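Chemist: The following comprises the amino acid sequence and a computationally predicted model.
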Amino acid sequence: MSCLPLKTDITLSDFIMQVFSMVKPKLIEILKGSLEEELIVQRDKIIGNRPYQRSFGIKRWGYTIRKYIVTPLGILTNVRIP
């Protein structure tokens with residue numbers, strides 16, 4: 001993460017907004033990773049078998065890519081959905 005120079009003569013709310021704008025890309029990256037991991041866990045709970053285990057029930061059919069998902073924090077792009 002690059003550290004942009006902060007303005008020196010600003011209000012507290014302006015300072016907080018500057019810091020948030022610097023941290024927001026990393027937060028969105030963490031949110032995307034956590035969402036993808038949790039979707040895999042939920043898929044495994046629904047299917048009930050381990051990867052590569054043969055079953056006559058539900059199968060793992062790979063992933064689909066969502067172009068974007070809108071969240072309160074921002075827009076997540078290229079999210080892998082199992």
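Modeler: That came in fine, so what should we check first?

Chemist: Can you pull up the most central residue in the protein?
Modeler: residue 32 (0.8 Å; Cα atoms, centre = their mean).

Chemist: isn't that one right up against residue 76?
Modeler: Yes: contact criterion Cβ atoms under 8 Å: residue 32 and residue 76 qualify, at 4.7 Å. Heads up, the C-betas are built off the backbone N, CA and C, glycines and all.

Chemist: could you list every residue that touches residue 69?
Modeler: Residue 69 is in contact with 35, 75, 76, 79, counting by Cβ atoms under 8 Å, 6 or more residues apart in numbering.

Chemist: swap in residue 39?
Modeler: Shown in contact with residue 39 (Cβ under 8 Å, 6+ apart): 80, 81, 82.

Chemist: how close does it sit to residue 80?
Modeler: For residue 39, the distance to residue 80 equals 8 Å [Cβ to Cβ, to the nearest Å].

Chemist: Can you give the distance of the strand or helix carrying residue 67 from its chain's centre?
Modeler: If you go by DSSP states H and E, residue 67 is part of strand 64-70. From the chain centre to the centre of strand 64-70 is a distance of 10 Å (Cα atoms, centre = their mean, to the nearest Å).

Chemist: Name every strand pairing with the helix or strand following it and say which way it goes.
Modeler: The first helix or strand that comes after strand 64-70 along the chain, using DSSP H and E, is strand 75-81. Strand 75-81 sits in its sheet next to strand 64-70 (antiparallel), going by DSSP bridges.

Chemist: CA-only coordinates of the strand it pairs with in PDB, if you can.
Modeler: Provided in PDB are the C-alpha atoms of strand 64-70 (Å, rounded to 0.1, in the frame of the first residue of the first chain):
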ATOM      1  CA  THR A  64     -18.600 -18.800 -11.900                       C
ATOM      2  CA  ILE A  65     -17.200 -15.300 -11.900                       C
ATOM      3  CA  ARG A  66     -19.400 -12.400 -10.800                       C
ATOM      4  CA  LYS A  67     -18.300  -9.200 -12.500                       C
ATOM      5  CA  TYR A  68     -19.200  -7.100  -9.500                       C
ATOM      6  CA  ILE A  69     -21.000  -7.300  -6.100                       C
ATOM      7  CA  VAL A  70     -22.100  -4.100  -4.500                       C
END
